[in-house]
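Enquirer: Provided below are the primary sequence and the corresponding predicted coordinates.
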Amino acid sequence: MTRSEGLVVASHGRHCVVESADGVRRICHPRGKKSQAVVGDRVLWQAAAPGQAQGHGDEGTIEKVLERRNLFYRQDEVRTKSFAANLDQVLILIAAEPVFSESQLVRALIAAEAAGITPLIALNKSDLVEPFAQAWQRLWPYRHMGGEQDTRHHYRVLPLSLTQSGAVDRDALLPLLAGKTTLILGPSGSGKSTLVNLLVPGAAAQTGEISQALNSGRHTTTTTSLYWIDGARTTALIDSPGFQEFGLRHLAPTDLARCMPDIAAHAGGCRFYNCSHLHEPGCAVMAQVSESQDAQAISLQRYRIYGELFAELSQSAY
């Protein structure tokens, strides 16, 4: 039978929805016991033989996952969770309330850096004046890292207010998303669903239909879905379930420094080439740790998180 190329636009468990070049979507099941396809994958699929469909309507099987540009995932002691593949950027959505975890933010940023994917940070609930001001201040190191001239070493941070009409936020976001495939990542309560529905009107209905099809008629919130923002299908948004933990067990402790731009900017100046940046004499990183608002400095909180992650990954290495 003929194999066709398609794009995985939704997944739940071992089953996927694959979109072909003509825009038609169909449920596809993995060939064999283990599914390796994730949303954003390009795959080769073929139509199921008559009588072999596991559900209703046109179905198919995934024969091969084509080579990926990247894969964004997290890994803890027990399991690996893949979010999506072939991404241009990850939009990490946090909120002024509930108070966001900087450790979780750092972990997501490190995973993006490790995969070579551009991260964006969006802080929601700017309408909550005092909590937002405090949260915006906490993000000072991320907004100014490396100074204004050194765009390699700082992150783009956007203020949002998704409780209002959203027109201003939509207009601000669309140019940053145009022509790219973007994963929206965020913990529960950050406003992720509101953002998706702002950018993709009707997304909730699409999610319900896909979830029911993939989960035998039962609605589920654990489906990862890709939506097209434009009719030409050049700008994609991927929504994945919220998370409470973000394991980095797929990285070695020595990977951390290069995945934290403010630390990487100074790591080359250390006396020892294998410096852990935790206790060695002549460490250029430790010399830059400061509570002052200095674009060249490494914030004390980020340095603490680096130390905690180094210890966590060192423990898992043995």
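Expert: Everything's here; your move. What you see is a predicted model, and the numbers here were worked out from it, not measured in a lab.
Enquirer: Pass me the low-pLDDT residue ranges in the stretch 201-318 of the chain, would you?
Expert: 204-222, 316-318 (pLDDT under 70).
Enquirer: Swap in 80 and give it another go.
Expert: Applying pLDDT under 80 to the stretch 201-318 of the chain flags the ranges 202-223, 242-244, 316-318.
Enquirer: now the strands: where do they sit in it?
Expert: For the stretch 201-318 of the chain, the strands defined by DSSP state E, counting those that start in this stretch cover 224-228, 236-239, 289-290, 298-299.
Enquirer: Just give the strands next to the longest one in its sheet, each with its orientation.
Expert: When you say that, I think you mean strand 224-228. Strand 224-228 sits in its sheet next to strand 4-12 (antiparallel), strand 236-239 (antiparallel), going by DSSP bridges.
Enquirer: And for the third one?
Expert: Looking at strand 289-290 with DSSP bridges, its paired strands and their directions are strand 298-299 (parallel).
Enquirer: want to throw the strands of the stretch 201-318 of the chain into CSV with distance to Leu160?
Expert: Backbone N, C-alpha and C define where each C-beta goes, glycine included. Formatted as CSV, these follow (distance: least, CB to CB, whole Å):
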stretch, distance to Leu160
strand 224-228, 18
strand 236-239, 15
strand 289-290, 29
strand 298-299, 23
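Enquirer: that older thread, most packed of the strands paired with strand 224-228?
Expert: Mean neighbour count, computed with mean count of other CB atoms under 10 Å, is highest for strand 236-239 among these, reaching a mean of 25.
Enquirer: Could you export it as PDB, CA atoms only?
Expert: Extracted C-alpha coordinates of strand 236-239, given in PDB (Å, rounded to 0.1, in the frame of the first residue of the first chain):
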ATOM      1  CA  ALA A 236       1.200  26.600  14.400                       C
ATOM      2  CA  LEU A 237       0.400  26.600  18.100                       C
ATOM      3  CA  ILE A 238       0.800  23.500  20.200                       C
ATOM      4  CA  ASP A 239      -1.000  23.200  23.500                       C
END
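Enquirer: and the residue nearest to Ala287 when sequence neighbours are not counted, how many residues sit next to it?
Expert: Distance criterion CB to CB, 6 or more residues apart in numbering; nearest residue to Ala287, sequence neighbours excluded, is His266 at 7.7 Å. As a burial measure, His266 scores 21 neighbours (other CB atoms under 10 Å).
Enquirer: Does His266 touch Gln288 like I think?
Expert: Yes: counting by CB atoms under 8 Å, His266 does reach Gln288; the two are 5.1 Å apart.
Enquirer: between these two, what contacts are shared?
Expert: Both His266 and Gln288 are contacted by Ile298, under the criterion CB atoms under 8 Å, 6 or more residues apart in numbering.
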